[in-house]
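In: Prediction below, plus the sequence it came from.
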Amino acid sequence: MNDREATPADAAAIDALFRESFAATFAHLYAPEDLASFFAGFTVAGWTGELASPDFAFRVIEDGEGLAGYCKLGPTSLPVTPEGPAIELRQLYLRDRAKGSGAAQTLMGWALATARARGAAELWLSVYIDNHRARRFYQRYGFEDRGPYAFMVGNHADEDRLMRLAL
């Protein structure tokens with residue numbers, strides 16, 4: 001696997017991976033109209049804008065079949081009160097074929113190094129309460145549970161957990 005900085009040219013591939021991965025993991029939880037409403041908030045143009053913005057940082061990981069995963073950092077948007085300069089791990093998504101390959105660790109290593117390089121003192125994220133694999137992954141890096149968060153998918157409120165890592 002090869003990882004690299006993402007560029008605006010990656011927007012369509014990131015959008016496709018995001019939709020595939022999110023649906024594979026969570027689609028069974030939602031009414032089709034809620035999932036469609038949620039996905040409508042993500043467009044290739046939106047991804048392109050974020051990829052071109054200095055406020056965001058993206059890393060992709062590729063294998064012989066193409067894009068296998070990505071990680072996105074951005075300004076804190078969660079309902080948290082940081083104790084110092086903070087950044088948010090907005091997304092870390094992998095295709096099924098990349099799970100267990102070390103891709104997640106590669107992307108997390110990049111996220112931690114990038115957050116520190118940008119002067120962040122803490123890194124925040126939210127994770128679905130029943131996504132036990134992801135929660136264990138983040139806990140191994142020292143993320144601490146900081147309470148509940150209602151993550152909206154259309155009109156459906158999921159219970160997520162806010163997690164914080166002091167850098």
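Out: Nice, I can see it. Numbering: from 1, shown residues only.

In: Is the residue nearest the centre of the chain in a helix, a strand, or coil?
Out: Centroid-nearest residue in the chain: residue 91, 0.7 Å away (criterion: C-alpha atoms, centre = their mean). At residue 91 the chain is in strand, as set by DSSP: H, G, I helix; E, B strand; the rest coil.

In: Apart from its chain neighbours, what residue comes closest to it?
Out: Nearest non-adjacent residue to residue 91, counting by C-beta to C-beta, 6 or more residues apart in numbering: residue 72, 4.4 Å away. Bear in mind the C-beta positions are built from the backbone N, C-alpha and C, glycine included.

In: Just give me the neighbour total for that neighbour.
Out: Neighbourhood size, residue 72 [other C-beta atoms under 10 Å]: 23.

In: Look up the residues forming beta bridges with it.
Out: Beta-bridge partners of residue 72, counted by DSSP bridges, are residue 58, residue 91.

In: what's the span of stretch 150-159, first residue to last?
Out: For stretch 150-159, the first-to-last residue distance is 5 Å (C-alpha to C-alpha, to the nearest Å).

In: just stretch 54-66 next, same as before
Out: Counting by C-alpha to C-alpha, you get 25 Å between the two ends of stretch 54-66.

In: what does it contact?
Out: 1-6, 10, 13-14, 50-51, 67-75, 90, 94, 97-98, 101, 103, 106-107, 110-111, 114, 118 (C-beta atoms under 8 Å, 6 or more residues apart in numbering).

In: Those residues in helices, which ones?
Out: Counting by DSSP state H, those place 13, 14, 50, 51, 103, 106, 107, 110, 111, 114 in helices.

In: Output the residues you listed as CSV; include the columns neighbour count.
Out: CSV is the format used below for the ones in helices among the contacts of stretch 54-66 (neighbours: other C-beta atoms under 10 Å):
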residue, neighbour count
13, 17
14, 24
50, 19
51, 19
103, 23
106, 18
107, 24
110, 20
111, 23
114, 19
